[in-house]
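>>> Got a predicted structure here, sequence first:
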Amino acid sequence: MLVTGVARQLGGRFVRRIQRDPQVDRVIAVDAVPPEHHIGGADFVQADIRQPTVARVLAEYSVDTVVHMDVTGTALGSGSRTTVKETNVIGTMQLLGACQKSPTVKRLVVKSSTNVYGSAPRDPAVFTETTSPKALPSGGFAKDTTEVEGYVRGFARRRPDVAVCVLRFANILGPSADSPLASYFSLPVLPTVFGYDPRLQFVHESDVIEVLRLAAHEPRRGTLNSGTFNIAGDGVLLLSQCARRLGRPTVPLLLPALSWAGTAVRTLGVTDFSPEQLRLLTHGRVVATVQMRETLGYQPKYTTAETFADFAQSRGPGLLPPEALAGAVDRIAALPVLGGGHPPTQSAN
């Protein structure tokens with residue numbers, strides 16, 4: 001088995017986990033830079049998947065399964081957005097080209113994202129795997145993943161003998177999550193879009209590892225480890241609920257002001273307020289996971305709420321105690337002037 005993107009925490013964790021499976025004889029861990037974390041007994045090969053050298057790696061080790069985890073929205077170390085895009089798109093093209101020529105490759109698993117659906121005001125309440133976005137993403141990680149999936153579909157047509165599984169993960173959170181949304185929720189004060197309270201879904205990093213592991217193996221009886229699957233925890237959370245559970249106050253801003261503020265904090269390197277993230281924080285996104293359960297045969301261990309709770313605990317207390325903040329909000333919402341509670345009864349006299 002060959003795994004890409006192992007220099008990232010998630011990739012390294014998957015490599016350590018998959019080695020414990022008795023069905024796996026050998027793991028080849030590939031990345032352009034050496035990982036700073038332990039990868040167990042895997043064979044590390046320093047190779048840039050943007051270069052043709054990845055084909056030699058497949059041939060040298062007679063790889064039968066490829067797990068492509070090097071599709072991401074964040075730069076590694078001092079990397080730039082340009083490097084990330086090249087790795088996502090050009091790297092995937094090179095890897096697929098190498099897989100196409102390899103007679104030994106029989107299974108391909110690709111880590112994708114629900115970002116391919118975008119976030120727009122007229123979106124359906126719930127996206128299924130066959131739902132087309134209202135508009136194709138114009139840039140950022142969402143555009144990268146759309147292009148990546150297009151190349152993967154082309155590969156699947158050219159190599160029908162290879163089982164191809166595309167996993168569209170919702171926003172990944174957990175104690176070691178490294179993503180633009182994790183950085184956003186780590187801010188002391190959360191800027192939000194005035195008048196909007198989007199619905200959000202999360203998937204725990206532990207579930208990410210387990211569903212990748214499931215997809216990388218031969219399917220169990222009654223399941224099918226090929227196709228495209230939405231992966232997310234049960235339930236949804238409103239952005240306001242997330243803020244209360246973190247104990248962080250929000251600052252509602254008009255969209256133009258939030259765009260300007262996003263540019264400022266992005267320049268300072270604090271977090272990534274890309275246009276796609278702003279759209280997510282405005283309109284949200286919810287996906288159906290029926291195929292994940294019934295076809296892929298996976299039941300997430302963490303719900304969306306439990307995933308966020310684990311993430312929130314790892315980030316420590318916010319400026320305001322969550323219980324006090326939630327209580328204050330509930331008391332304000334119950335005021336008669338806001339339509340809550342019961343109006344005072346008038347005397348019969």
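Done, it's in.

>>> Could you check how far the closest residue to Asp207 other than its chain neighbours is from Gln51?
Leaving aside its chain neighbours, Asp207 sits nearest to Pro300 (4.5 Å; criterion: CB to CB, 6 or more residues apart in numbering). The C-beta positions use only the backbone N, C-alpha and C, and glycine is treated the same way. Distance, Pro300 to Gln51, using CB to CB, to the nearest Å: 36 Å.

>>> which of those two has more neighbours?
Pro300 (22 against 13; other CB atoms under 10 Å).

>>> and Leu214, helix, strand or coil?
Secondary structure for Leu214, judged by DSSP: H, G, I helix; E, B strand; the rest coil, is helix.

>>> Break down the stretch 101-250 of the chain into its helices, ranges please.
Taking DSSP state H, counting those that start in this stretch, the helices of the stretch 101-250 of the chain run over residues 140-158, 180-185, 205-216, 239-246.

>>> Pull the residues that contact the first one.
Counting contacts by CB atoms under 8 Å, 6 or more residues apart in numbering, the residues outside helix 140-158 that touch it are 71-73, 84-85, 88-89, 92-93, 96, 99-100, 108, 110, 112-113, 115-116, 118, 136-137, 162, 164, 166, 228, 274-276.

>>> hmm, which of those are the buried ones?
For those, a burial check counting by 16 or more other CB atoms under 10 Å picks out 71-73, 84-85, 88-89, 92-93, 96, 99, 108, 110, 112-113, 115-116, 118, 137, 162, 164, 166, 228, 274, 276.

>>> Now, those that are in strands?
Under the assignment DSSP state E, those contribute Leu108, Val110, Ser112, Ser113, Val164, Val166, Thr228 to strands.

>>> in stretch 158-173, what's buried?
Buried residues in stretch 158-173 (16+ other CB under 10 Å): 159, 162-173.

>>> swap that for stretch 211-220, please
In stretch 211-220, counting by 16+ other CB under 10 Å, buried: Val211, Leu212, Arg213, Leu214, Ala215, Ala216, His217, Pro219.

>>> Next: stretch 132-146.
Residues of stretch 132-146 classed as buried: Pro133, Pro137, Gly140, Phe141, Ala142, Lys143, Asp144, Thr145, Thr146 (neighbour count, 16+ other CB under 10 Å).

>>> Ok, stretch 118-134 next?
Gly118, Ser119, Asp123, Val126, Phe127, Glu129, Pro133.

>>> quick check, nearest of those to Gly235?
For the buried residues of stretch 118-134, the residue nearest Gly235 by CB to CB is Val126; the value is 12.4 Å.

>>> Could you measure from the closest one over to Thr289?
Between Val126 and Thr289 the distance is 10 Å, computed by CB to CB.

>>> pLDDT score for Thr345?
pLDDT recorded at Thr345 is 43.

>>> Point out the least confident member of the buried residues of stretch 132-146, please.
The lowest pLDDT within the buried residues of stretch 132-146 belongs to Pro137, with 76.

>>> Next up, the contacts around that one.
By CB under 8 Å, 6+ apart, the residues touching Pro137 are Asn115, Val116, Gly118, Lys143, Thr146, Glu276.

>>> Do I have it right that the last one meets Tyr117?
Read it as Glu276. No - here Glu276 lies out of contact with Tyr117, judged by CB atoms under 8 Å, at a distance of 10.9 Å.

>>> What's the separation between Thr250 and Tyr196?
For Thr250, the distance to Tyr196 - CB to CB - is 11 Å.

>>> list the residues that contact both of those two?
With CB under 8 Å, 6+ apart as the test, Thr250 and Tyr196 both reach Leu239.

>>> If we ignore the residues flanking it in sequence, what's nearest Thr131?
Pro124 (6.2 Å).

>>> repeat for Leu96
Using CB to CB, 6+ apart and skipping residues adjacent in sequence, the residue nearest Leu96 is Phe155, 4.5 Å away.

>>> Same check on Val27?
In space, Val27 is closest to Ala42, 4.1 Å off (CB to CB, 6+ apart).

>>> quick one: the one you found and Ile28 touch, right?
Yes - contact criterion CB under 8 Å: Ala42 and Ile28 qualify, at 7.0 Å.

>>> Please enumerate the shared neighbours of the two.
Going by CB under 8 Å, 6+ apart, residues that sit against Ala42 and also against Ile28 are Val3.

>>> Can you pull out the low-pLDDT segments for the stretch 51-200 of the chain?
Residues of the stretch 51-200 of the chain that meet the criterion pLDDT under 70 lie in 77-79.

>>> can you do 90?
For the stretch 51-200 of the chain, applying pLDDT under 90 flags the ranges 72-85, 120, 132-142, 176-181, 183-184, 186-189, 191.

>>> The stretch 201-349 of the chain too?
218-226, 251-279, 314-349.

>>> And the strands in it, which stretches?
202-204, 227-231, 237-238, 250-253 (DSSP state E, counting those that start in this stretch).

>>> Most tightly packed of these?
Ranked by mean neighbour count, the strands of the stretch 201-349 of the chain are led by strand 202-204 with a mean of 27 (mean count of other CB atoms under 10 Å).

>>> So what's the gap between it and the chain middle?
Averaging C-alpha positions (CA atoms, centre = their mean, to the nearest Å) puts strand 202-204 8 Å from its chain's average.

>>> repeat for stretch 198-213
On CA atoms, centre = their mean, the centre of stretch 198-213 falls 7 Å from that of its chain.

>>> now stretch 226-235
Per CA atoms, centre = their mean, the centroid offset for stretch 226-235 relative to its chain is 11 Å.

>>> Repeat that for stretch 31-42.
Put simply, stretch 31-42 sits 21 Å off its chain's centre (CA atoms, centre = their mean).
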